[in-house]
Every structure is written in structure tokens, then in C-alpha cells.
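Engineer: Quick check, what structure comes out for this input:
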Amino acid sequence: MSSYLLAIGTRKGLFLATSQDRKAWSIERAPLASDEVYAVGIDTRRATPRLLASSVSNHWGPSVAHSDDLGKSWQEPEQAPVRYPEWTGSALKRVWQLQPGRDSEPDVVWAGAEPGALFRSDDGGVSFELIDGLWNHPQRAKWMPGGGGLCLHTVLPHPTDPQRITVAVSTGGVYQTTDGGTSWSPSNQGIRADFRPGPAPEFGQCVHKVAMHPGAPDQLFAQNHGGVYRSDDGGRQWASIADGLPSDFGFPMVAHPHRPGSVYVFPLAGDFDRRPPEERARVYRTDDAGASWQPLSHGLPQEGFHPAVLRDSMCTDGGTPAGMYFGTRSGAVFASSDEGESWHELARYLPDVLSVRAAVLD
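Structural biologist: Sure thing, here's the model as predicted:
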């Protein structure tokens, strides 16, 4: 029988929820003190899954820890796992993304960091090296911090081509490499930047999240700071798919684990009014690549609901049917075992939820 694990990163530590049926859950606080946990990862490519957590301690600063016993104990090297080389003149503020690599590269883990940088690990997330090609890109110096900082928050390795990687930076936009990270090109054609005067720029868009299904790697979906988009040519050109949504502002963008063209978003009323439209908690799903959208709200609060859902606070567990999860800035976590058709409250009164990741454990 399968079991399910949900890792919940919050403003005050990491919580781990486990279940046998995705209905009844047991929640424990992981031994990471009261650190802010901005990114979590569950690497199931190993015989024993490895948990990864990016934390920021008020005393010790930022770090990345890992656990090989499902969160009972945690390890981190004596030297900081993610370090900017001295020649960059920069220091790590936090890691925003921990992304296991391709199945064919079982020891590769990617880290997206602030200030905007990509790091690679070849030892399962124990230590990381800066990807110089992106850091040295001439446009990087002109990237500006978004509301949350200058964060590289999305890392999408191509499932079959080890030379291709897509990343997204707030506010740098979408960038891609086709040579393993040596050179990078902006890939933002068609994405608006309403906060900047003039026509849409080549780079500088505030992309909040990008999603890709591994079965259709040339079809990408992006939730922008105003705008929901799809690309059918690997990111070279983007087109709006926001029609049918109550708002085109939001943070998460989650691909269905089994169906290409099916993605989930959590709309918010707008830039300055970051609460759900009509104060109703609604996840929206498209099953036709954005041609139409369906609100999914059964079991969710439909009156007086104010909290937002951040870019990495919604996820799927990859099960069949797919389990869906999201956490809110008010500390509630909601779960669905039927692909979002119905929901129940998994937890309440947690600290501000910053990130969630789920997996099926055999």
C-alpha cells in the first residue's frame, strides 16, 4: 500500500504530514527549529527518498539541509552548501527553489537562489556550484528585485535533453539554455510588463511561476505578475490564456502530473488587493491548455476568505488520481485526493505557509 508525504515549509519551521489514504493525516514539526523554510524538495529517485529544505535562520543565516530518514534527522555540511564565489561580490540571501534533476542524472539537484542565480549539485543536494553562464549574462545586472526579492524561483530541466533548462526570475523573466548552462537567452516574447512603460521588453518581466509537463516539454505555462500564458514552442513565443479566469494575477502554476495541457492556478484579485476574487477560495483548472477554465471549490471556504497562496505553496503528489494541495498565508493547508474536485482542510493555525511539496512513497 502506498503512503503519502506532504512537506510544508512555513515562516516558523518545516512540518511533515503523512497519510495512508489522503484523508486522515498525521502532522509533525520537523527538527529545523523556527527557521523560515522557503523551499522544500522530495527526491524520490533514491531507494530512500531524500528530503531537502532551504531555511533561513535569524541567527545562522541561510542554508540547505537534507534528510535521508523522512525528516527524523537532518544534516548539512560544515561549509555553507550554497555559496556565491568571492569574485561575484554577492552573498546568499535565500534559496527559493530545490529541484531534483532528470531521472538519468540521479545525483543532480538544482537550486534557484537570491540574488538571482542558479546553482547545481552533483551530490544529491549536499553541496552546490554556481552556474557561471547565467550569472555572467549581460542582462543580469539590469534585473530588478520583485516584491519578494530578486529570486530565481523556477528551474525546469528538460526531461530528455540534458542541455536544455528553463528558469524564471522575478523580475528578470524567463531564460533558457540549450548548451547545459554555458549560454542563456531571454524567452519572454508576448509576456506583458505592465509596470514598465512602452512595449513589452525583451527581459525584465515579473514572471511568478512556470510549469511544464514532462510528456510535452515544448508546452510551457506561466503565471505572470498580471497575465496567464502558454507557449507551444518551448518558450520562444507566449500567448495569453487568461480568458475565463476571474483575474489574471496570482502566483502558483502547477502542471497535472499525468495529463499534458492540464494545469492549476489560484487567482488573486490583483497586484494591490492580494486576496481571492469575491473572497472565495477557488482553484482553477484547465484541461485544454487554457482554452477554458473550471473553478474547483467544493469543500473550500466560499465567504470571507482573504489569504493569498504563494508561488510554491500549491503542488500535486503525482498519484493516481492526482492529489492536490495548497497552503495559505494564514497557515491553513487544504488537500484534495481527486484532482481538485473536492477539498478538505488538512491543517489550520500553522505559521505563514511559504512552500509545499508532496510525493507518493511506496
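Engineer: how about the helices in the stretch 101-250 of the chain?
Structural biologist: Along the stretch 101-250 of the chain, the segments classed as helices by DSSP state H, counting those that start in this stretch run 132-135.
Engineer: middle-most residue in the chain, spatially?
Structural biologist: Geometric centre of the chain, nearest residue: Asp312, 3.7 Å, by CA atoms, centre = their mean.
Engineer: Relative to Gly112, how far out is that one?
Structural biologist: Asp312 sits 10 Å away from Gly112, going by CB to CB, to the nearest Å. Placement of C-beta: from N, CA and C, glycine included.
Engineer: Same check on Ser2?
Structural biologist: Distance from Ser2 to Gly112, by CB to CB: 30 Å.
Engineer: and these two? which has more neighbours close in?
Structural biologist: Counted by other CB atoms under 10 Å, Ser2 and Gly112 do not tie: Gly112 has more neighbours, with 23 against 13.
Engineer: so who does the more buried one touch?
Structural biologist: Taking CB atoms under 8 Å, 6 or more residues apart in numbering, we find Gly112 in contact with 39, 95-97, 99, 118-119, 151-155, 167.
Engineer: again, only this time at 10 Å
Structural biologist: 39, 54, 95-99, 118-119, 151-155, 167-169 (CB atoms under 10 Å, 6 or more residues apart in numbering).
Engineer: wait, what's in contact with the residue nearest to the centre of the chain?
Structural biologist: Counting by CB under 10 Å, 6+ apart, Asp312 makes contact with 9, 38-40, 96-98, 153-154, 209, 251-252, 254, 327, 353-357.
Engineer: now do Pro217
Structural biologist: Going by CB under 10 Å, 6+ apart, Pro217 touches Leu156, Pro157, His158, Pro159, Thr160, Asp161, Arg164, Thr166, Gly234, Pro260.
Engineer: Go again with 7 Å.
Structural biologist: Pro217 sits next to His158, Pro159 when contact means CB atoms under 7 Å, 6 or more residues apart in numbering.
Engineer: just use 408 as the starting number from now, easier for me
Structural biologist: Happy to do that; since the first residue is 408 now, the last one works out to Pro624.
Engineer: And it, its phi and psi?
Structural biologist: Backbone torsions for Pro624, taken as degrees, to the nearest 10, come to phi -70, psi -10.
Engineer: measure Val763 to Ser699 for me?
Structural biologist: 27 Å.
Engineer: before we move on, what about Val767?
Structural biologist: In terms of CB to CB, Val767 sits 29 Å off from Ser699.
Engineer: who's more crowded, those two?
Structural biologist: Each of Val767 and Ser699 has its neighbours counted (other CB under 10 Å); Val767 has more, 18 against 12.
Engineer: Tell me the buried residues in the helix or strand the more buried one falls within?
Structural biologist: Here Val767, judged by DSSP states H and E, is contained in strand 760-768. Under the neighbour-count criterion of 16 or more other CB atoms under 10 Å, strand 760-768 has Val760, Leu761, Ser762, Val763, Arg764, Ala765, Ala766, Val767 buried.
Engineer: what would those residues look like in TSV with pLDDT and distance to Asp586?
Structural biologist: Formatted as TSV, these follow (pLDDT from 0 to 100; distance: CB to CB, whole Å):
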residue	pLDDT	distance to Asp586
Val760	98	37
Leu761	98	33
Ser762	98	30
Val763	98	33
Arg764	98	29
Ala765	98	33
Ala766	97	31
Val767	97	34
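Engineer: So which of those residues is the closest to Asn595?
Structural biologist: Nearest to Asn595 among these, counting by CB to CB, is Ser762 at 24.8 Å.
Engineer: My guess is that closest one contacts Val447. True?
Structural biologist: Yes - contact criterion CB atoms under 7 Å: Ser762 and Val447 qualify, at 5.2 Å.
Engineer: Overlap of the contact sets of the two?
Structural biologist: The contact lists of Ser762 and Val447 share Gly416, where a contact means CB under 7 Å, 6+ apart.
Engineer: Other residues contacting stretch 600-612?
Structural biologist: With contact meaning CB under 7 Å, 6+ apart, stretch 600-612 is reached by Gln546, Met551, Thr578, Gly579, Gly580, Pro593, Asn595, Ile598, Arg599, Cys613, Asn631, Gly633.
Engineer: switch to 10 Å and redo it
Structural biologist: By CB under 10 Å, 6+ apart, the list of residues contacting stretch 600-612 reads 544, 546-547, 549-551, 553, 575-582, 592-599, 613-614, 629, 631-634, 636, 645, 678.
Engineer: Averaged pLDDT, that stretch. What do you get?
Structural biologist: Stretch 600-612 shows a mean pLDDT of 84.
Engineer: And stretch 516-531, by the same measure?
Structural biologist: Mean predicted confidence for stretch 516-531 is 98.
Engineer: I'd guessed His413 sits against Ala437; true?
Structural biologist: Quick fix: residue 413 is Leu, not His. No - using CB atoms under 10 Å, Leu413 makes no contact with Ala437, being 12.0 Å away.
Engineer: which residues are common contacts for these two?
Structural biologist: Residues touching both Leu413 and Ala437 (CB under 10 Å, 6+ apart) are Phe422, Leu423, Val447.
Engineer: Give me the subset of these that lies in strands.
Structural biologist: Under the assignment DSSP state E, the shared contacts of Leu413 and Ala437 contribute Phe422, Leu423, Val447 to strands.
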